[in-house]
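# Take this sequence and fold it.
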Amino acid sequence: MIGRLNHIAIAVPDLDAAAAKYRDQLGARIGMQQPLPEHGVTVVFIDTGNTKVELLEPLGEGSPIAAFLEKNPGGGMHHVCFEVADLAAAIARLQQAGARVLGDGRPRTGAHGNPVVFLHPRDFDGTLIELEETGS
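Numbers count the residues shown, from 1 in each chain. Presented below is the predicted three-dimensional model:
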């Protein structure tokens, strides 16, 4: 069902400082900052060639990243994102198997303009999983 690893997301307290470290110390190609108010984050993607790293900073008071950073003030890995060809079929299969889709269970538009959902970390060994529909 899952396809390739789309990205690994890292929550950071300061997006500019984090992006500068990846650019200046690791020589990474850094994308433009992208605010995603629906998700409560501002993101920057780092292209690593075979996948991406997504740096996340809280956007607004109710950001889920703010709560994460309260527990992890220095930042840390937040989630991994896998591609799926058919998100509706993936959701149905996962729910039938007992996995929980976070929120209202309906896909939202993600940073790449594609539908995404998040799966409860307790159902996947403590790891928050994002599924992104790519159609391929």
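
# What score does the closest residue to residue 53 other than its chain neighbours have for pLDDT?
Setting aside the residues directly before and after it, residue 53 is nearest to residue 46 in space (C-beta to C-beta, 6 or more residues apart in numbering), at 4.3 Å. In short, each C-beta sits where N, CA and C put it, glycine included. In this model, residue 46 is scored at 96, pLDDT.

# Could you do residue 31 as well?
Per-residue pLDDT puts residue 31 at 96.

# now swap in residue 61 and tell me
The model's pLDDT for residue 61 equals 80.

# Surely it is within a strand?
No. Using DSSP: H, G, I helix; E, B strand; the rest coil, the secondary structure at residue 61 is coil, not a strand.

# Now do the contacts for it.
The contact partners of residue 61, by C-beta atoms under 8 Å, 6 or more residues apart in numbering, come to none.

# what about the residue nearest to residue 53, which helix or strand?
Counting by DSSP states H and E, the element that carries residue 46 is strand 41-47.

# what about residue 97, how many residues close to it?
Residue 97 has 8 neighbours, counted by other C-beta atoms under 10 Å.

# From residue 125, how far off is it?
As defined by C-beta to C-beta, to the nearest Å, residue 97 lies at a distance of 15 Å from residue 125.

# Make sure residue 2 is actually in contact with residue 85.
No. Applying C-beta atoms under 8 Å as the test, residue 2 and residue 85 come out as separate, 9.7 Å apart.
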